[in-house]
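A.B. asks: got a sequence here, can you build the structure:
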Amino acid sequence: MAIITLNNNSLSSVTSLPAGVGGKVLQVVNATKSTETFTNSSSYADYLTASITPSSSSNKILVVCTGNGLRKDNTNAGIKLRITRGSTQLKIMEHNACYDGSSGNNRVGGTAISYLDSPSTTSATTYKLQIASPQSANVGIGDNQESTSTITLYEVSA
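C.D. replies: The predicted structure is shown next:
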């Protein structure tokens, strides 16, 4: 039997959820990459991209990124990571990822970065995990397909 009313309203007239049902995950979008990428540029470059279309402009998007298989070549540096919505910077992690205090060639495992965004739209919205290098050091992510990095987008109801 199909439900045709909600709180004595027809389904077509319901414009919001009843009180107390916010904070639910409505959809999840995930993208992965296991291709090794190196950079020595201080300019950010896209590493992982995913798009989501929020069902309400009042909903939030939780962006969770993992960067696995980090490495550096003969330098005392780390990878700069950031999350963007389109070209707008949302969260940045500078000089921390992959940094281990030595100048040897190292594989340094992984890191994670997340951000709770309020995009205020119901249009398709693109989020990116971008990488860059501090001080023109040669740093990489992806570790020769031995590990997988991810970007996961969760739409959370208001």
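A.B. asks: which residues touch Val64?
C.D. replies: The contact partners of Val64, taken as CB atoms under 8 Å, 6 or more residues apart in numbering, are Ala112, Ser114, Thr150, Ile151, Thr152, Tyr154. C-betas here are computed from N, CA, C, even on glycine.
A.B. asks: between those, which has the most around it?
C.D. replies: For these, neighbours were counted using other CB atoms under 10 Å, and Ile151 has the most, 23 neighbours in all.
A.B. asks: for stretch 126-137, the distance to its chain's centre please.
C.D. replies: With CA atoms, centre = their mean, to the nearest Å as the basis, the distance from the averaged C-alpha position of stretch 126-137 to the chain average is 13 Å.
A.B. asks: would you work out how far apart the start and end of it are?
C.D. replies: Between the opening and closing residues of stretch 126-137 lies a distance of 28 Å (CA to CA, to the nearest Å).
A.B. asks: in that stretch, which residues are buried?
C.D. replies: Neighbour-count burial for stretch 126-137 flags Tyr127, Lys128, Leu129, Gln130, Ile131, Ala132, Ser133, Pro134, Ala137 (criterion: 16 or more other CB atoms under 10 Å).
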